[in-house]
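1. When you get a sec, could you give me coordinates for this:
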Amino acid sequence: MHVAVDRKKELGKINMSVGSIAFYQLMQVRQAEYFRQLLKPVT
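-> Got it, this is the predicted structure:
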């Protein structure tokens, strides 16, 4: 029983780190797109 609880905590930690990494990458992509729009010469 106790082992199951510990495993859930570990999964939670892994989910948190994976989620934050995914979020960070998404923000990087968003920023790249945003700057590309800014740098595009206005015609």
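2. rest of the way, CA atoms for contacts and neighbours
-> OK.
3. Low-confidence regions, this structure specifically.
-> 1, 43 (pLDDT under 70).
4. Strands of that one, residue ranges please.
-> Applying DSSP state E to the chain gives no strands.
5. K8 and A22: what is the separation?
-> 21 Å (Cα to Cα, to the nearest Å).
6. typo on my end, Q31
-> 14 Å.
7. Check the burial of A4 by counting its neighbours.
-> 9 (other Cα atoms under 10 Å).
8. Next: Q31.
-> Using other Cα under 10 Å, Q31 is surrounded by 12 other residues.
9. Check V18 too.
-> Neighbour tally, V18, other Cα under 10 Å: 12.
10. now do I21
-> With other Cα under 10 Å as criterion, I21 counts 12.
11. cool, K13 as well?
-> Neighbours of K13 (other Cα under 10 Å): 12.
12. how near is it to F23?
-> 15 Å.
13. repeat for G12
-> 16 Å.
14. cool, E33 as well?
-> 15 Å.
15. same question, I14
-> I14 is 14 Å from F23, by Cα to Cα.
16. Lovely, talk soon.
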